[in-house]
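[1] Below is the sequence, then the predicted model.
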Amino acid sequence: MGRHETDIAEDEISRRQAAERELEAVRGELAVQIAARHEVQVHLEQEVAHRDRIIAEGELNAAKLRESEKALRKLFDQSLDSMAILDLETGRFIDVNEEYTRRSGYSREEVIGKRAREIHSFVNPEDNLRYVEELKRAGVIRNMEATFRHKDGSIHCGLISALNLKLRGHLCSV
């Protein structure tokens, strides 16, 4: 083998060695990237598991809340006392229970969204004013006597007990 062929072989060996070093460097970078990607994947899997737990807890809490609301609704509707929830800022009925509809003769749909004076609940407007003023002053009423008008025009005397509370951001009377 001549000198020229030897030089060519040595150059080829040098190029291959350089390529192998470069390949080894790329393999090292890839190993680092794979390790980093694996770390990110593990973190993401942990995050997904954590979010799944949060979602499951949220769904459980939502189910418990629905059950609680259902129980409170049942207590409200089946109370033997006539009950109404009024928005004190607007004076409008937000809700009434079944006993209220039975006693007054009005359906829920006829009452909700209306003011007491629109359905002429109080026979004496002074009773309505006294009711509102006492709630504003004391925040609670116990056994206030008043005369009420039913849908059919008949009247009856009764006692009102009520208290103020915040519902959905509104000052209300129950």
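    Arrived safely.
[2] Tell me the secondary structure at the residue nearest in space to the middle of the chain.
    Central residue of the chain (C-alpha atoms, centre = their mean): residue 62, 8.4 Å from the mean position. When classified by DSSP: H, G, I helix; E, B strand; the rest coil, residue 62 comes out as helix.
[3] and residue 95, what are its bridge partners?
    Note on residue 95: beta-bridge partners by DSSP bridges are residue 85.
[4] List the residues that contact it.
    By C-beta atoms under 8 Å, 6 or more residues apart in numbering, the contact list for residue 95 reads 76, 84, 85, 108, 112. (Glycine included, C-beta is placed from N, CA and C.)
[5] my read: the first one touches residue 82, true?
    Okay, so that is residue 76. No - using C-beta atoms under 8 Å, residue 76 is not in contact with residue 82; the gap is 11.3 Å.
[6] overlap in contacts of the two?
    In contact with both residue 76 and residue 82: residue 97, using C-beta under 8 Å, 6+ apart.
[7] Am I right that residue 106 falls within a strand?
    No - read with three-state DSSP, residue 106 is coil and lies in no strand.
[8] ok, and the closest non-adjacent residue to it?
    Residue nearest to residue 106 in three dimensions, not counting chain neighbours: residue 151, with 5.0 Å by C-beta to C-beta, 6 or more residues apart in numbering.
[9] Would you agree the one you found is in contact with residue 103?
    No - using C-beta under 8 Å, residue 151 is not in contact with residue 103, being 10.0 Å away.
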